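Peer 1: A predicted structure for the sequence below; I have some questions about it.
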Amino acid sequence: MGRHDKKWIKAAQAGSKKAFGKLIETYSDFIFHFLYDMTGNYDDAKDLTQDVFLRAYKNIKKYRGDAKFSTWIYRIAYNLGIDHCRKQKRIRQVDINKKDREISAMTRHSDTFETHIDVGEAIETALQKLTDMQRMSVVLHHYQGLPMRDVSEVLGCSESTARVHLFRGLRNLRKMLKDYAPGENS
Amino acid sequence: MNCSEKKNINAYYLNELTDSEREHFEAHIQVCKECGNAVQALFETRNILSRHQRPAPPRHLARDCIRAIETMSSQSTASTVNEKWYERWLQPVPRLQWAAAVVVFCAGLLLGKVIFSPAEETRYPLSVYHSTQEKMDPRQVRNYLLGVEMLLLDLSNLEYPSTVDSDEWTMQLQIAEEMLLRTHQVKQFTENRNPTLYHLLVEIEWILQDVAGTPSMEMADMASYIRGSIEENQLLSKLHQYLS
């Protein structure tokens, strides 16, 4: 992603905090959005982003350059995010069910669905209802723009498995968001 | 869906078909309703997803992350100091070490000054530890040297103005500034341990002082001067020799 990544990584590995700061500046927004899509919570995403860079800083010397730096940092974010999600799963499930009921109730009483329900909120709810692997495949490919090869490296699975998760995720999203497709409300 | 072309749906969606395969498949979905609907559903879902405007990241996110790292570093330094003190004075000594200490003490009493003389202190003069701000292991020194080598390589490849822009120069200045501090620490550490490395570090320190002290407007003059200094002192070959 960054033009000077290699230089900054080498300098950071040699102990330069300023160089590591440059890496943070390059990747923090991407990592934040990734974690936001993963957790569905702004504050959690913010705290986790800090944790990601703390962990990356502690382990920067272990980065050998076999994979892209972006993939390495996404992998750290994925591991921390997935731990967080597992801890929060029960709480999140309650929120999702509540949101779901609200959306269903509003749909019943409205002619034009989109005028009442924010499409973004519906997408966030739908994303949270996917399995972790499906959600991550969709988020990494669609929102983070990673090719499927990098997606598979972040998720720690084969490329074909990552594809299966992506397309299952898209199919499920399609079912949940069919009311937002063109022509559905007209 | 029984269509033989359905295997291409995902590859088409991911834009992985060759030009001829894509043309063939696009012609196919005009006539095959099943494949056409499947492709349409995928692209519609993508369009819906693209309508999701996610909130902007916190304003000072990067700065907060950097601060968190600085806090962690200062805490870990403090805990290292405490740990050393703790280890030195309070750490429980294993039984075997106690036994060995008693044996050595008794032997010392029997044999007098010859064995009781502070041989360890002569081999590792305390002044060395006092002169360094932190204890280093060979791996840390090596990592530092690799970093310096990379920086010197970058600096010696600068061809102002064709390949260097002011942002890059600013970055080099910042790295050089930080490396200068590190050089000073490593230099102190090696002073009484490795004279060859110590003299090499003195030369590197001079170069880094020049780089760190150069404002960006003077970079045109400095680029060739620094390149000349690195070449003249054969710093890269000396470093390479030391690292290999």
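Peer 2: Sure, I can see it. The structure presented is a predicted model; accordingly, all values stated were derived computationally and were not measured. Numbers count the residues shown, from 1 in each chain, chains lettered A, B, ... in the order given.
Peer 1: helix or strand for A:F167, which one?
Peer 2: helix A:159-176 (DSSP states H and E).
Peer 1: where does pLDDT dip in chain A?
Peer 2: A:1-4, A:89-117, A:183-186 (pLDDT under 70).
Peer 1: nearest residue to the middle of it?
Peer 2: For chain A, the residue nearest the mean C-alpha position is A:F34 (3.2 Å; CA atoms, centre = their mean).
Peer 1: quick one: end-to-end length of stretch A:142-155, please.
Peer 2: End-to-end distance of stretch A:142-155 (CA to CA, to the nearest Å): 15 Å.
Peer 1: what residues sit buried inside it?
Peer 2: A:H142, A:Y143, A:Q144, A:L146, A:M148, A:D150, A:V151, A:S152, A:E153, A:V154, A:L155 (16 or more other CB atoms under 10 Å in any protein chain shown). In this view, the C-beta of every residue, glycine as well, is placed from N, C-alpha and C.
Peer 1: pretty sure the fifth one is touching A:H165, no?
Peer 2: No - in this structure, A:M148 is not within contact of A:H165 by CB atoms under 8 Å, at 10.2 Å.
Peer 1: mind listing what's buried along whichever strand or helix holds the residue nearest to the centre of chain A?
Peer 2: Using DSSP H and E, A:F34 sits within helix A:17-39. Residues of helix A:17-39 classed as buried: A:17-28, A:30-39 (neighbour count, 16+ other CB under 10 Å).
Peer 1: which among the residues you listed are in contact with chain B?
Peer 2: Among these, the ones lying near chain B by CB under 8 Å from any CB of the partner chain are A:17-22, A:24-25, A:28, A:32-33, A:36-37.
Peer 1: so which residue of chain A comes closest to chain B?
Peer 2: Among all residues of chain A, A:A14 sits closest to chain B, at 2.1 Å; criterion: CB to the nearest CB.
Peer 1: circling back: could you identify the helix or strand that succeeds the helix holding A:F34?
Peer 2: helix A:42-59.
Peer 1: and that following helix with chain B, contact?
Peer 2: Yes - counting by CB under 8 Å from any CB, chain B is contacted by helix A:42-59 at A:Y42, A:K46, A:T49, A:Q50, A:F53, A:L54, A:Y57.
Peer 1: what's the closest non-adjacent residue to the residue of chain B found nearest chain A?
Peer 2: In chain B, the residue that lies nearest chain A is B:G147 (2.1 Å; CB to the nearest CB). Excluding the flanking residues, the one nearest B:G147 by CB to CB, 6 or more residues apart in numbering or on different chains is A:A14, at 2.1 Å.
Peer 1: and the contacts of stretch A:147-154?
Peer 2: By CB atoms under 8 Å, 6 or more residues apart in numbering or on different chains, the surrounding residues in contact with stretch A:147-154 are A:67-68, A:70-71, A:74-75, A:78, A:136-137, A:140-141, A:146, A:158-159, A:161-163, A:166, B:14.
Peer 1: could you measure from the closest residue in space to A:E159 that isn't next to it in sequence over to A:C85?
Peer 2: For A:E159, the nearest residue in space outside its immediate sequence neighbours is A:S152; the separation is 4.3 Å by CB to CB, 6+ apart. Separation of A:S152 from A:C85 (CB to CB, to the nearest Å): 20 Å.
Peer 1: equivalent analysis for A:F167, please.
Peer 2: With CB to CB as the criterion, A:F167 and A:C85 are 22 Å apart.
Peer 1: okay, now the unreliable bits of chain B?
Peer 2: B:1-2, B:74-96, B:112-136, B:156-169, B:213-225.
Peer 1: now do the helices in it.
Peer 2: B:8-13, B:19-31, B:33-50, B:61-89, B:95-111, B:113-116, B:119-123, B:126-131, B:138-156, B:166-190, B:195-212, B:219-232, B:235-243 (DSSP state H).
Peer 1: dump the first one to PDB, restricted to CA.
Peer 2: As requested, C-alpha coordinates have been extracted for helix B:8-13 and formatted as PDB (Å, rounded to 0.1, in the frame of the first residue of the first chain):
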ATOM      1  CA  ASN B   8     -17.600 -19.400 -14.500                       C
ATOM      2  CA  ILE B   9     -20.000 -17.200 -12.500                       C
ATOM      3  CA  ASN B  10     -17.700 -16.600  -9.500                       C
ATOM      4  CA  ALA B  11     -14.600 -16.100 -11.800                       C
ATOM      5  CA  TYR B  12     -16.600 -13.600 -13.900                       C
ATOM      6  CA  TYR B  13     -17.700 -11.800 -10.800                       C
END
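Peer 1: packing partners for it?
Peer 2: Helices and strands touching helix B:8-13, by 3 or more CB pairs under 8 Å, 6 or more residues apart in numbering or on different chains; DSSP states H and E, are helix B:19-31, helix B:33-50.
Peer 1: ok, 10 Å please
Peer 2: Identification of packing neighbours for helix B:8-13 by 3 or more CB pairs under 10 Å, 6 or more residues apart in numbering or on different chains; DSSP states H and E yields helix A:159-176, helix B:19-31, helix B:33-50.
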